[in-house]
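Asks: Please find the sequence and the predicted model below.
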Amino acid sequence: MKMTKLTCLILFSLALTLPVRIAAAGDGKTIIEKNNCGTCHKMEGPAAKTFAEALSRKAPDLFYAGSKFQEEFLVEFSQKPYQIRPAGTLYLNHVKTVDGVDRIQDPPLCASRLSKEDAVLASKYLMTLKDPDMKIGVYKPGASFFKIGAKMIFTKSVACIGCHQVKKRGKIVGGTSGSSLYNAGSRLNGDWLSSYIRNPHYWDPMSPMPKWDLGEHAWMQLTNYIMEMKE
């Protein structure tokens, strides 16, 4: 096969950048290990399969972080962590009875604070941790959808708002047992979100989130609706 000058130039460019990309991912893994991220986060599968394992979980699993998150979010969050799950990774671990009333106490916040340079490298490594079986291209950014219908699904049909926080007229409302969703569109990968809400137990067998029986159209409506939630 005769190679054109353009083909040779492209291959030469790839040859130059590939070692850099591999080095970046390797450096990122070293940074994560140095900061003991694996102490709280599970960096290798499988996910917890028993209630005891779920109770011992200190932070979300990261062995499929590249499928779940947007890289920009990982870079920002690893520099300045904030509370995404108001009741912690598993709310049962943070419920205390005060004056005869069960109340959720503030869970601990991630103690790691990476420099911008380290955050970029660590995030590049995390983005390599993907589930090879997740369908790609399911979510279509910017696709039109019936927003009123999607809102009804979110608030009534499956009542996501009962466990997840959203913003309404500038105020945060909703439940606290699940992760907040008011910035989900800036945090999550739309394809992963679509997969998770359809079958949460594929990703986390012990997830308290139920598996709902909705049609394909409803799932895409819900995915689009949540992915429009951005800060």
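Replies: Right, received. Where do you want to start?

Asks: OK, contacts around residue 31?
Replies: For residue 31, the contacting residues are 114, 118, 121-122, 125, by Cβ atoms under 8 Å, 6 or more residues apart in numbering. (Each C-beta comes from the backbone N, C-alpha and C, glycine too.)

Asks: In helices only, show me the residues you listed.
Replies: Those of the contacts of residue 31 mapping onto helices are 118, 121-122, 125, per DSSP state H.

Asks: would CSV of these with neighbour count be doable?
Replies: Putting these into CSV (neighbours: other Cβ atoms under 10 Å) gives the following:
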residue, neighbour count
118, 21
121, 24
122, 28
125, 21
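
Asks: which one of these is nearest residue 180?
Replies: Proximity of the ones in helices among the contacts of residue 31 to residue 180 was ranked by Cβ to Cβ; the top entry is residue 122 with 22.7 Å.

Asks: Against residue 136, how distant is that closest one?
Replies: Residue 122 sits 23 Å away from residue 136, taking Cβ to Cβ, to the nearest Å as the criterion.

Asks: What score does the nearest residue to residue 28 once chain neighbours are set aside have for pLDDT?
Replies: Excluding the flanking residues, the one nearest residue 28 by Cβ to Cβ, 6 or more residues apart in numbering is residue 125, at 2.9 Å. On the pLDDT scale, residue 125 is placed at 97.

Asks: Settle this for me: residue 125 is touching residue 32, isn't it.
Replies: Yes: counting by Cβ atoms under 8 Å, residue 125 touches residue 32, with 6.5 Å between them.

Asks: ok so, going back, show me which of the ones in helices among the contacts of residue 31 is closest to residue 217.
Replies: Distance to residue 217 across these (Cβ to Cβ) is lowest for residue 125, with 37.2 Å.

Asks: what are the ranges of the helices in the protein?
Replies: For the chain, the helices defined by DSSP H occupy 5-34, 51-55, 65-68, 71-79, 116-126, 147-152, 184-187, 190-198, 200-203, 216-227.

Asks: Comparing the ones you listed, which comes out most buried?
Replies: helix 65-68 (a mean of 22; mean count of other Cβ atoms under 10 Å).

Asks: other SSEs contacting that helix?
Replies: Judged by 3 or more Cβ pairs under 8 Å, 6 or more residues apart in numbering; DSSP states H and E, helix 65-68 is in contact with helix 190-198.

Asks: And the helices of the chain: which comes nearest residue 95?
Replies: helix 51-55 (12.2 Å).

Asks: Name all residues that make contact with the residue nearest to residue 58 when sequence neighbours are not counted.
Replies: The shortest distance from residue 58 to any non-neighbouring residue, by Cβ to Cβ, 6+ apart, is to residue 40 (4.1 Å). Shown in contact with residue 40 (Cβ under 8 Å, 6+ apart): 58-59, 110.

Asks: one step back: from the ones in helices among the contacts of residue 31, pick the one nearest residue 173.
Replies: When these are ranked by distance to residue 173 (Cβ to Cβ), residue 122 comes first, at 33.2 Å.

Asks: Domain map for this structure?
Replies: Domains of the chain are assigned by automatic domain parsing as 20-132, 134-231.

Asks: Residue 57 and residue 49 touch, don't they?
Replies: No: counting by Cβ under 8 Å, residue 57 sits too far from residue 49 to count as a contact (11.7 Å).

Asks: Between these two, which is the more surrounded one?
Replies: residue 57 (19 against 11; other Cβ atoms under 10 Å).

Asks: With adjacent residues omitted, what lies nearest to the more buried one?
Replies: residue 89 (5.4 Å).
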